[in-house]
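>>> Below: sequence and its predicted model.
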Amino acid sequence: MRIKKKHIITIVLLLCVVFLARIGLIHYASYKQERARWNALSDEVADLVKDFNGSPSVIIKDLKKSWLISIAPEAKIPSASIVKIPIMAACFYATKEGKIKLDQKIPLKRSDKTGGSGILKNKRSGTTFTVTQLIDLMITISDNTASNMLIKLLGFDYLNTCFKEFGLTDTNLSRLMMDMRSRDKGIENYTTAKDMANILEKIYKGKLIDKEISQECLEILKEQRSRTRIPRRLPKDTVVAHKTGLEKGTCHDVGIVFTDNGDFIICVVISHKNKSARSSKKLISNIARLSYDYYMVN
């Protein structure tokens, strides 16, 4: 009787081993197939970038598997308005430190008003706005006047210190938004695709300052109104938390795309010498669509 029990146990164990091995092979085959598709995506993105008249930096990162596609991720490129993401984070950090308050009212001065995107440049001087309102305007419609008001409120030194605190090794703030005189003198704000991907991943994972602030930043980025780059070729109901940037010779969009089959970071930061940003916007939207399609294959 004992011998029979031993045989039964052995048979059961062997069957378990065979079953687990079969499951392992199925998962491995599935992994290989998925990895092959990811590598194909990498090749397609590389082909698009290779044919582009300019110097794009690209990062695409799967937020579950941490798989990465990167092209010139550490190239320092004028940041334009994507620097407003770490400025937003620094504002929240300053409130946590007690340096400022979100409901604090800031008067609009004539010297604050600047060109480019935004609505505050047309508002009456002396009108007051809360820090919360200025942050929303800075991100959702990329209001340059709102950005400059926040920069002046916190100061360049504080902001650059915060950037380092956030782990942004190659991002700086040296001039105000739309300060073309300083730009012509070689005073420039720079960043990298790697830095932008870094701060976006911290926001997504709730690790930028704290979970509550990370979530607040994420929700504001989801309200971005510009649809000319990352979201342009995606289905209208696709949730994208992102920030665009545009100045002469630069065109960017960096963000997080949410899908039913996984979420991913996409950062396309472009320096170019084209007459317009049309081709840059097209490149960004094409890369975003290729990346999105990868997640739509079951």
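Alright, I've got the coordinates.

>>> the strands in the stretch 101-250 of the chain, which residues?
Using DSSP state E, counting those that start in this stretch, the strands of the stretch 101-250 of the chain run over residues 105-107, 128-130, 190-191, 239-247, 250-259.

>>> Adding mean pLDDT and distance to M88, write those out as CSV.
For every residue, glycine as well, the C-beta is placed using N, CA and C. Formatted as CSV, the strands of the stretch 101-250 of the chain follow (pLDDT from 0 to 100; distance: least, C-beta to C-beta, whole Å):
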stretch, mean pLDDT, distance to M88
strand 105-107, 98, 15
strand 128-130, 98, 14
strand 190-191, 98, 14
strand 239-247, 98, 9
strand 250-259, 98, 13
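
>>> tell me the most buried of these?
strand 250-259 (a mean of 24; mean count of other C-beta atoms under 10 Å).

>>> Could you tell me which strands sit next to whichever helix or strand comes after that strand in the sheet, and their orientation?
Using DSSP states H and E, the next helix or strand after strand 250-259 towards the C-terminus is strand 262-272. Strand pairing for strand 262-272, determined by DSSP bridges: strand 54-62 (antiparallel), strand 250-259 (antiparallel).

>>> got CSV for those, with distance to C162 too?
CSV is the format used below for the strands paired with strand 262-272 (distance: least, C-beta to C-beta, whole Å):
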stretch, distance to C162
strand 54-62, 22
strand 250-259, 18
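
>>> between the strands of the stretch 101-250 of the chain, which gets nearest to W67?
Among the strands of the stretch 101-250 of the chain, strand 250-259 comes nearest to W67, with 14.6 Å by C-beta to C-beta.

>>> Give me the distance between that closest one and the centre of its chain.
Strand 250-259 has its C-alpha centroid displaced from the chain centroid by 5 Å (C-alpha atoms, centre = their mean, to the nearest Å).

>>> One more: stretch 117-124?
Distance of stretch 117-124 from the chain centroid (C-alpha atoms, centre = their mean) equals 26 Å.

>>> Mind listing residues that contact stretch 72-82?
Stretch 72-82 is contacted from outside by 55-59, 117, 142, 144, 147, 170-171, 177, 188-194, 196-197, 243-247, 249-254, 269-271, using C-beta atoms under 8 Å, 6 or more residues apart in numbering.

>>> Could you pull up the mean pLDDT of that stretch?
The pLDDT scores in stretch 72-82 average 98.
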